[in-house]
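Peer 1: sequence and predicted structure below; questions after.
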Amino acid sequence: MTGRMLRVSQASRQAPLTPPQKAAIILASLPRETATAIINEIDDTHVVAFFRTMSELTSVPADAASSIAREFIAAVGAIKDEVAGG
């Protein structure tokens with residue numbers, strides 16, 4: 001990992017975040033060891049996209065960070081339910 005933390009701000013963001021931005025925010029919010037383990041498992045194209053996106057993000061509004069975390073948790077829950085159900 002880069003060791004660079006995203007700053008969570010109170011400012012409101014104008015444009016909606018893209019999926020790569022959301023993924024970068026989730027990865028940046030994880031403990032370093034967890035994020036590193038995930039990055040080590042993804043292909044080089046996605047790693048490059050992650051670091052490019054991270055370099056473009058300077059701060060994330062607090063409400064956006066919370067919303068992204070809730071969206072991610074809901075998506076993981078849905079996948080877990082699909083796997084368990086079928």
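Peer 2: Everything's here; your move.
Peer 1: ranges for the helices of the protein?
Peer 2: Along the chain, counting by DSSP state H, helices occupy 19-29, 32-41, 44-56, 62-85.
Peer 1: rebuild the ones you listed as a markdown table, extending it with mean pLDDT and mean neighbour count.
Peer 2: Heads up, the C-betas are built off the backbone N, CA and C, glycines and all. Putting the helices of the chain into a markdown table (pLDDT from 0 to 100; neighbours: other Cβ atoms under 10 Å) gives the following:
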| stretch | mean pLDDT | mean neighbour count |
| --- | --- | --- |
| helix 19-29 | 89 | 18 |
| helix 32-41 | 93 | 12 |
| helix 44-56 | 90 | 13 |
| helix 62-85 | 85 | 12 |
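Peer 1: leaving out sequence neighbours, find the closest residue to the residue positioned nearest the centre of the chain.
Peer 2: The centroid of the chain falls nearest to Ile26 when counting by Cα atoms, centre = their mean (2.3 Å). Distances taken as Cβ to Cβ, 6 or more residues apart in numbering put Phe72 closest to Ile26, at 5.3 Å, once the chain neighbours are dropped.
Peer 1: now that neighbour: how far from Ala65?
Peer 2: Going from Phe72 to Ala65 by Cβ to Cβ, to the nearest Å gives 11 Å.
Peer 1: and Val76, by the same measure?
Peer 2: On the measure of Cβ to Cβ, Val76 and Ala65 end up 17 Å apart.
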